[in-house]
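Novice: Sequence below, structure please.
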Amino acid sequence: MVNLGKITLRKNIGWILLLICFDYETQVVEGKEYFGKFIGNFNNYAHKVSGKVYAVDEDTIFIKGFSYDGLGPDAFFWVGKDNQPSPNGVIVPYPDDYTEKDPPILLNFDREDILLQLPPGLKLKEIKWLSVWCRRFTVNFGEVYIPSNLDPPRRRVLPEFTREAHGLKSGNITILDAKTFYIPNLHYDGAGPDAFFWVGTGPGPHPGGRKIPNEKGSTEVLSGYQGEDIELTLPSDSTVFDIDWLSVWCISYKHNFGHVLIPKELNIPPALGQYRMAHKKKKTEFRNCRELGFSNERKRSQIQWEAEGNTVKFKVAAKISEDQYFALGFSPVKGIAKMVGGDAVVMYYTPTQRKKFHAEDYYMSAKSQCDGRDGVCPDSRIGGNNDIKVVNGDRRNGFTIVTFERPINTRESKYDISLEEEVNIMIAVGNLNGRKEANFHHGERTSEREDIRISVRSSDDHTCLLGDDFVNMKNSDEDTKYKAWPRSVIEGVQNFTVRIGPTGGRRGYTAITGLPSWGIAWWVNELLIPEIYVERGKTYIFKVQGGDDPKSPAKYHPLYITDHSEGGFGQRREYEQRAQRVFAGVGRDSSGYPYPTAVGQYCEYEHRNTDKSAQSETFEDFKKSLRLVCKDDGVAGYLPWTVTEDTPDIVYYQCYTHNNLGWKIHVVNPGFRLRRDSYNSSSDIVRTSLSLVILLIAIFCWRDFY
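Specialist: Numbers count the residues shown, from 1 in each chain. The predicted structure follows:
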């Protein structure tokens, strides 16, 4: 007797498993690669038709691994609305950039990837099948049916960037595909010293994120934007499924200028190049090309490369002097630029030697000069081999250009890193020592936070905008020496208004102080970081408008007075706090924990559009390019300070939560006057003496005349 219940149960389980498998394959297939919503496999009836078919969006179909022997006399991709393939269909041309009157017939394909664009006015949900169809003989060589309930991937519109700092704002951001963001009407003042587009995982932006290229494919520090529409493309090893947010982030000061969150459930198109509007790239000798620089500098080096067999050939151009070296390093750790344990090629130029261009194989066992055993050493000096072969070189326009070859896998695993897999690269510049070896790089090296990866076997890793013209470029704005604005001084005043404002680029904070800045600084009585003179025994009042919301760290800047030249009391360890003397602005709660007392409404001098400091010869000109913006809610805070007799001659007004926002306070005894007064008095004496000399000469001349 047959148990119908068991048969029915097995049937239902089979259908459930089938649906689960189908649903799984509609999302992500082929390992980590994403091709869209899976439709099905081609059914083959003739001429070896095969391939996996995916919905890219409502207008586009992708075929993974398409095969067809090309022997049909009049075959095309063919779609229609009938229940099965029939003569009532229409051609989907491939390739679609044909120039003849009629679409080309299909030729031979052997496991090739195909991207099909449906004819205008026809949507994927309107058709029932895709066929390889012979028009002359009305024969179906193979087809795949489109599910009636198919939900094709589509673009996803997100909110705009949050507005945290530096005038960052945008229109609604759109995810175009699994790698591409479209950001309309982007505004940013460009004043952040170390700001980049930044992505990562977690509830919000943090230092553990990762830099991504800008709309030009460059990872240089961001400049200003004045309403541009841009597209950002994620690196080759990332998709939007791997990240939770996109932000504009300052690496040096660990601050979020604004961000947008990425939803978890996304039905978006794959990144197959159907949307991306690539910027025009100039021709290069090799297939792959990157332009690189340090931190907040423009690009001063370019690497091109191409692999063949077990050999990779590099062409490196670096703007260095004749007594300097340029190093291209390979990190032993993926994700960071780790120097110790790394492998490097050091290139340099010796104009007076017969062999003028050099590329030496190095191993870095420690952050020190080579002592013959440890440090940054040529492989040949520590028992290894120089696996680098120089092909040619050139020196022009201040660039040293060296082309060299290196095995992808060498026989020295102790000193050399295999380049078979994707690897993080780093660069450095420094002076050569007497042995013509790499000396200390003086800070001109890739930061360990940098995440710059290449694959030497890539065939189109090309983001160079200048191509081979890179070495012909003129000196840029980076090479211009800007004259610092004269320092501002406040004397004889007991009431101060302290607000936030821009640093003034190369003419402002750093030029005046010699210290780094992160794009904002204290403005006191409408002056950028003035030097303030106070007298012992007097009381001074600071009206503070630096922000009062600790949940918004980019706009939370309590004021305090300290003997520490950088400030940032709140971010210091306890022993570091004990080493500081604080004169005003820090209190203690009942448990003895410090807290800032001078907090208040947030007011900032903002750029009207982008940073105009470079074009402003005077500070007054620069001020005209700014506007004062204050938050509607909140009231100013007040910091009273009575200067005691034991106060040092130099103290600083600084930010409790961040470094390097303020500058000097000169503490003087009562009755002190700046030397500029004595200069004026001296000038008066000189003018009086000169007048007496002229008068005496006139008297003698008058006497001789008579």
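
Novice: Please name the residues that touch the spatially closest residue to Gly70 that is not a sequence neighbour.
Specialist: With CB to CB, 6 or more residues apart in numbering as the criterion, Gly70 has its nearest non-adjacent residue at 3.2 Å, and that residue is Asn108. From N, CA and C alone the C-beta is placed, and that goes for glycine too. When contacts are counted by CB atoms under 8 Å, 6 or more residues apart in numbering, Asn108 touches Tyr68, Asp69, Gly70.

Novice: Pull the number of nearby residues for the first one.
Specialist: The number of residues packed near Tyr68 is 26, by other CB atoms under 10 Å.

Novice: And it, how far from Leu115?
Specialist: Distance, Tyr68 to Leu115, by CB to CB, to the nearest Å: 16 Å.

Novice: Could you do the second one as well?
Specialist: Taking CB to CB as the measure, Asp69 and Leu115 are separated by 21 Å.

Novice: One more: Lys169?
Specialist: 35 Å.

Novice: again, but for Lys125
Specialist: Distance from Lys125 to Leu115, counting by CB to CB: 19 Å.

Novice: what does Glu285 give?
Specialist: Applying CB to CB to Glu285 and Leu115 gives a distance of 29 Å.

Novice: who's more crowded, the two?
Specialist: Higher neighbour count among Glu285 and Leu115: Leu115, with 15 against 12, using other CB under 10 Å.

Novice: That one touches Pro270, doesn't it?
Specialist: No: Leu115 lies out of contact with Pro270 (CB atoms under 8 Å); the separation is 10.1 Å.

Novice: what is in contact with these two at once?
Specialist: With CB under 8 Å, 6+ apart as the test, Leu115 and Pro270 both reach Val56, Phe62.

Novice: Would you mind confirming that Leu186 is in contact with Glu231?
Specialist: No: using CB under 8 Å, Leu186 makes no contact with Glu231, being 10.8 Å away.

Novice: Between those two, tell me which one has more neighbours.
Specialist: Taking neighbours as other CB under 10 Å, Leu186 and Glu231 compare with Leu186 leading, 21 against 17.

Novice: can you tell me how far that one sits from Glu215?
Specialist: Counting by CB to CB, the gap from Leu186 to Glu215 is 9 Å.

Novice: ditto for His557
Specialist: Counting by CB to CB - His557 and Glu215 are separated by 31 Å.

Novice: More neighbours: the two, which one.
Specialist: The neighbour count for His557 versus Glu215, taken as other CB under 10 Å, is higher for His557 (31 against 18).

Novice: need the contact list for the more buried one.
Specialist: The contact partners of His557, taken as CB under 8 Å, 6+ apart, are Ile500, Ile520, Trp522, Gly546, Gly547, Cys655, Tyr656, Thr657, His658, Leu661.

Novice: what's the burial count for Asp82?
Specialist: If we define neighbours as other CB under 10 Å, then Asp82 has 12 of them.

Novice: Which pLDDT value goes with it?
Specialist: Note for Asp82: predicted pLDDT of 94.

Novice: and what of Gln571?
Specialist: pLDDT recorded at Gln571 is 80.

Novice: just checking, it touches His658?
Specialist: Yes: the criterion here is CB under 8 Å, and Gln571 meets it with His658 at 7.4 Å.

Novice: Next, Gly121: secondary structure please.
Specialist: coil (DSSP: H, G, I helix; E, B strand; the rest coil).

Novice: Next, it: phi, psi?
Specialist: Phi and psi for Gly121, reported as degrees, to the nearest 10, are phi 90, psi -10.

Novice: Same question for Glu566.
Specialist: phi -110, psi -30.

Novice: can you pull the contacts of it?
Specialist: Leu515, Gln654, Asn659, Asn660.

Novice: Nearest spatial neighbour of the residue most central in space within the chain, chain-adjacent residues omitted?
Specialist: Centroid check for the chain by CA atoms, centre = their mean gives Phe196 as the closest residue, at 3.3 Å. Closest residue in space to Phe196, ignoring its immediate chain neighbours: Lys211 at 4.5 Å, by CB to CB, 6+ apart.

Novice: Now do the same contact list for Trp78.
Specialist: With CB under 8 Å, 6+ apart, Trp78 has these contacts: Pro85, Gly89, Val90, Ile91, Val92, Leu130, Ser131, Val132, Trp133, Arg135.

Novice: re earlier: among the contacts of Asn108, which are in strands?
Specialist: Tyr68 (DSSP state E).

Novice: What segments of this structure are helices?
Specialist: 4-25, 509-513, 574-579, 619-624, 675-705 (DSSP state H).

Novice: higher neighbour count, Gln571 and His658?
Specialist: His658 (23 against 14).

Novice: Who are the contact partners of Pro203?
Specialist: Per CB under 8 Å, 6+ apart, neighbours of Pro203: Asp244.

Novice: State the pLDDT value of it.
Specialist: With respect to pLDDT, Pro203 has a value of 95.

Novice: and what of Glu422?
Specialist: 90.

Novice: Count the residues that sit near the closest residue to it other than its chain neighbours.
Specialist: Nearest residue to Glu422 in three dimensions, chain neighbours excluded: Ser455, at 4.6 Å (CB to CB, 6+ apart). Neighbourhood size, Ser455 [other CB under 10 Å]: 17.

Novice: Which pLDDT value goes with Ser455?
Specialist: pLDDT at Ser455 comes out at 91.

Novice: Just put the contacts of Glu566 in a markdown table and tack on distance to Pro104.
Specialist: Output for the contacts of Glu566, formatted as a markdown table (distance: CB to CB, whole Å):
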| residue | distance to Pro104 |
| --- | --- |
| Leu515 | 65 |
| Gln654 | 71 |
| Asn659 | 64 |
| Asn660 | 64 |
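
Novice: Can I get the residues you listed in a markdown table including distance to Val599 and pLDDT?
Specialist: Formatted as a markdown table, the contacts of Glu566 follow (distance: CB to CB, whole Å; pLDDT from 0 to 100):
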| residue | distance to Val599 | pLDDT |
| --- | --- | --- |
| Leu515 | 24 | 74 |
| Gln654 | 14 | 96 |
| Asn659 | 18 | 82 |
| Asn660 | 19 | 86 |
